[in-house]
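*Asks:* Compute the structure for the input listed below.
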Amino acid sequence: MSFKIPPLKVSSLDEIVNYFSLVMNKWSGSILNATAVKDIGIWDMDSTGSVVVPFALDVSIKQISSINVIIINDSQNEVYDLGLSGEAVVSCKYDDVNGVTITRTTNGLFDNSNFNDSINNRGRIKICYTV
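*Replies:* Below you'll find the predicted structure:
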(Lines give C-alpha, C1' and ligand atoms only; values in the text may rest on other atoms or scores of the structure.)
Protein backbone atom coordinates (compact mmCIF):
# COMPACT_ATOMS: atom_id res chain seq x y z
CA MET A 1 0.00 0.00 0.00
CA SER A 2 1.37 3.40 -0.89
CA PHE A 3 0.41 6.62 0.74
CA LYS A 4 1.33 10.01 -0.62
CA ILE A 5 2.10 12.55 2.07
CA PRO A 6 0.00 15.67 1.48
CA PRO A 7 1.76 19.04 1.47
CA LEU A 8 1.95 20.78 4.83
CA LYS A 9 -0.27 23.87 4.69
CA VAL A 10 -1.23 24.80 8.24
CA SER A 11 -1.41 27.96 10.26
CA SER A 12 -1.97 26.81 13.84
CA LEU A 13 -0.68 24.26 16.31
CA ASP A 14 -3.99 22.35 16.18
CA GLU A 15 -3.73 22.05 12.40
CA ILE A 16 -0.14 20.77 12.71
CA VAL A 17 -1.20 18.11 15.23
CA ASN A 18 -4.11 17.07 12.99
CA TYR A 19 -1.80 16.94 9.96
CA PHE A 20 0.75 14.69 11.66
CA SER A 21 -2.00 12.50 13.07
CA LEU A 22 -3.39 12.05 9.56
CA VAL A 23 0.02 11.26 8.07
CA MET A 24 1.03 8.80 10.80
CA ASN A 25 -2.31 7.00 10.80
CA LYS A 26 -2.48 6.71 7.02
CA TRP A 27 1.15 5.71 6.77
CA SER A 28 0.70 2.89 9.27
CA GLY A 29 -2.49 1.73 7.53
CA SER A 30 -4.69 2.72 10.46
CA ILE A 31 -8.21 3.97 10.06
CA LEU A 32 -8.62 7.63 10.89
CA ASN A 33 -11.83 8.58 12.65
CA ALA A 34 -13.61 11.91 12.58
CA THR A 35 -16.42 13.13 14.81
CA ALA A 36 -19.41 15.38 14.17
CA VAL A 37 -21.47 16.76 17.07
CA LYS A 38 -24.81 18.53 16.93
CA ASP A 39 -27.35 19.80 19.47
CA ILE A 40 -30.70 18.00 19.51
CA GLY A 41 -32.50 21.30 20.05
CA ILE A 42 -35.84 21.73 21.78
CA TRP A 43 -37.75 18.48 22.36
CA ASP A 44 -40.66 18.06 24.79
CA MET A 45 -40.12 14.35 25.32
CA ASP A 46 -43.20 14.00 27.52
CA SER A 47 -45.67 14.98 24.78
CA THR A 48 -43.69 14.06 21.64
CA GLY A 49 -42.43 10.53 21.11
CA SER A 50 -39.72 11.27 18.56
CA VAL A 51 -37.59 14.01 17.09
CA VAL A 52 -35.75 14.36 13.79
CA VAL A 53 -32.49 16.30 13.92
CA PRO A 54 -31.21 17.37 10.47
CA PHE A 55 -27.64 16.12 10.35
CA ALA A 56 -25.98 16.10 6.93
CA LEU A 57 -22.67 14.28 6.72
CA ASP A 58 -20.70 14.30 3.52
CA VAL A 59 -19.75 10.61 3.91
CA SER A 60 -21.16 7.25 2.93
CA ILE A 61 -23.33 5.53 5.54
CA LYS A 62 -20.79 2.69 5.37
CA GLN A 63 -18.23 5.02 6.96
CA ILE A 64 -20.28 5.62 10.14
CA SER A 65 -18.85 3.70 13.08
CA SER A 66 -21.04 4.90 15.96
CA ILE A 67 -23.87 7.20 17.00
CA ASN A 68 -24.03 8.41 20.59
CA VAL A 69 -26.81 10.48 22.13
CA ILE A 70 -26.97 12.20 25.49
CA ILE A 71 -30.17 13.62 26.97
CA ILE A 72 -30.25 16.48 29.48
CA ASN A 73 -33.14 16.71 31.96
CA ASP A 74 -35.23 19.89 32.42
CA SER A 75 -33.36 20.93 35.59
CA GLN A 76 -30.11 20.62 33.63
CA ASN A 77 -28.50 18.74 36.50
CA GLU A 78 -28.48 15.22 35.01
CA VAL A 79 -27.19 13.78 31.75
CA TYR A 80 -28.35 10.44 30.35
CA ASP A 81 -26.30 8.38 27.89
CA LEU A 82 -28.84 6.65 25.67
CA GLY A 83 -26.44 3.78 25.16
CA LEU A 84 -26.72 3.07 28.89
CA SER A 85 -30.36 3.98 29.52
CA GLY A 86 -31.83 0.53 28.89
CA GLU A 87 -35.26 0.55 27.29
CA ALA A 88 -35.67 4.33 27.45
CA VAL A 89 -35.31 4.71 23.69
CA VAL A 90 -36.92 2.56 21.03
CA SER A 91 -34.53 3.66 18.29
CA CYS A 92 -31.87 6.09 17.22
CA LYS A 93 -31.07 6.00 13.52
CA TYR A 94 -29.28 8.05 10.90
CA ASP A 95 -30.24 8.30 7.26
CA ASP A 96 -28.67 10.57 4.68
CA VAL A 97 -31.98 12.24 3.77
CA ASN A 98 -33.43 13.25 7.16
CA GLY A 99 -30.52 13.04 9.58
CA VAL A 100 -30.90 11.48 13.03
CA THR A 101 -34.27 10.24 14.31
CA ILE A 102 -34.56 9.51 18.04
CA THR A 103 -37.67 7.77 19.38
CA ARG A 104 -38.39 7.26 23.08
CA THR A 105 -40.53 4.51 24.59
CA THR A 106 -44.08 5.20 25.75
CA ASN A 107 -44.27 5.28 29.57
CA GLY A 108 -40.48 4.96 29.72
CA LEU A 109 -37.82 6.96 31.53
CA PHE A 110 -38.19 10.07 29.35
CA ASP A 111 -42.01 10.06 29.06
CA ASN A 112 -42.65 12.33 32.09
CA SER A 113 -42.63 15.92 33.30
CA ASN A 114 -38.86 15.88 34.00
CA PHE A 115 -38.37 16.03 30.22
CA ASN A 116 -41.09 18.43 29.01
CA ASP A 117 -39.12 21.69 28.82
CA SER A 118 -39.64 23.52 25.54
CA ILE A 119 -36.93 26.15 26.02
CA ASN A 120 -33.57 24.42 26.52
CA ASN A 121 -31.49 22.17 24.28
CA ARG A 122 -32.44 18.55 25.03
CA GLY A 123 -28.96 17.10 24.47
CA ARG A 124 -26.34 16.23 21.86
CA ILE A 125 -25.71 13.71 19.12
CA LYS A 126 -22.20 12.55 18.27
CA ILE A 127 -21.51 10.60 15.08
CA CYS A 128 -18.10 8.99 14.54
CA TYR A 129 -17.06 8.02 11.03
CA THR A 130 -13.98 6.95 9.14
CA VAL A 131 -12.21 9.20 6.67
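*Asks:* Point out where the chain drops to low pLDDT.
*Replies:* 1-11, 14, 18, 21-32, 84-90 (pLDDT under 70).
*Asks:* Helices along that one, start to end?
*Replies:* With DSSP state H, the ranges of helices along the chain come out as 13-27.
*Asks:* now do the same end-to-end measure for stretch 68-76.
*Replies:* 19 Å (Cα to Cα, to the nearest Å).
*Asks:* For it, buried residues please.
*Replies:* Using 16 or more other Cβ atoms under 10 Å as the test for burial, stretch 68-76 gives 69-74. All C-beta spots, glycine's among them, are computed from the backbone N, C-alpha and C.
*Asks:* So which of those is the closest to F110?
*Replies:* Among these, I71 lies closest to F110 (Cβ to Cβ), at 6.5 Å.
*Asks:* Look up how far N107 lies from that closest one.
*Replies:* According to Cβ to Cβ, to the nearest Å, I71 stands 16 Å off from N107.
*Asks:* ok, back up a step: let me know the closest of the buried residues of stretch 68-76 to N98.
*Replies:* V69 (15.4 Å).
*Asks:* surely the closest one meets L82?
*Replies:* Yes - between V69 and L82 there is a contact under Cβ atoms under 8 Å: 4.3 Å.
*Asks:* and V17, how many neighbours?
*Replies:* For V17, the count of nearby residues is 11 (other Cβ atoms under 10 Å).
*Asks:* Could you do G83 as well?
*Replies:* 13.
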